[in-house]
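Q: Sharing a model prediction with you, sequence too.
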Amino acid sequence: MNWQKITAIIRRDALAPVEQRLQQLGVRGLSVSTVKGYGEYANFFCHDCFITHARIEIFTEVERAKPIAEAILSAAHTGAAGDGLVAILPAAQA
């Protein structure tokens with residue numbers, strides 16, 4: 001079976017809606033961690049320019065990866081800078 005890894009970095013306040021959407025899709029497992037960093041938006045006038053986000057990691061079958069990534073994007077989207085990103089990567093073995 002071929003696997004892919006989905007990594008999403010989203011706003012922390014978008015985590016609950018994303019988790020609910022993933023449960024509706026029947027995602028059987030995921031990992032969530034807190035990460036700090038900056039991308040397009042960075043407040044360099046602040047002492048600590050890093051922003052805290054949530055990182056979601058999911059290993060899934062190839063055919064389920066794109067629908068899961070799209071669900072994360074739609075549930076986390078606010079239209080503002082800093083909404084985050086979603087990447088789908090090949091997983092050699094899981």
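A: Thanks, I have it.
Q: pretty sure residue 31 contacts residue 56?
A: Yes: if you go by C-beta atoms under 8 Å, residue 31 and residue 56 touch, sitting 7.2 Å apart. Yep, even glycine has a C-beta here, placed from its N, CA and C like the rest.
Q: More neighbours: which of those two?
A: Between residue 31 and residue 56, counted using other C-beta atoms under 10 Å, residue 56 has the larger neighbour count: 23 against 10.
Q: Look at residue 78 and give its secondary structure.
A: Of the three states, residue 78 takes coil according to DSSP: H, G, I helix; E, B strand; the rest coil.
Q: For burial, what's the neighbour tally of it?
A: When neighbours are defined as other C-beta under 10 Å, residue 78 has 12 of them.
Q: Could you double-check that it lies in contact with residue 11?
A: Yes: in this structure, residue 78 is within contact of residue 11 by C-beta under 8 Å, at 7.3 Å.
Q: Okay, and the beta partners of the residue nearest to residue 12 when sequence neighbours are not counted?
A: Leaving out its chain neighbours, the residue that sits closest to residue 12 by C-beta to C-beta, 6 or more residues apart in numbering is residue 54, at 5.0 Å. Beta-bridge partners of residue 54, counted by DSSP bridges, are residue 10, residue 34.
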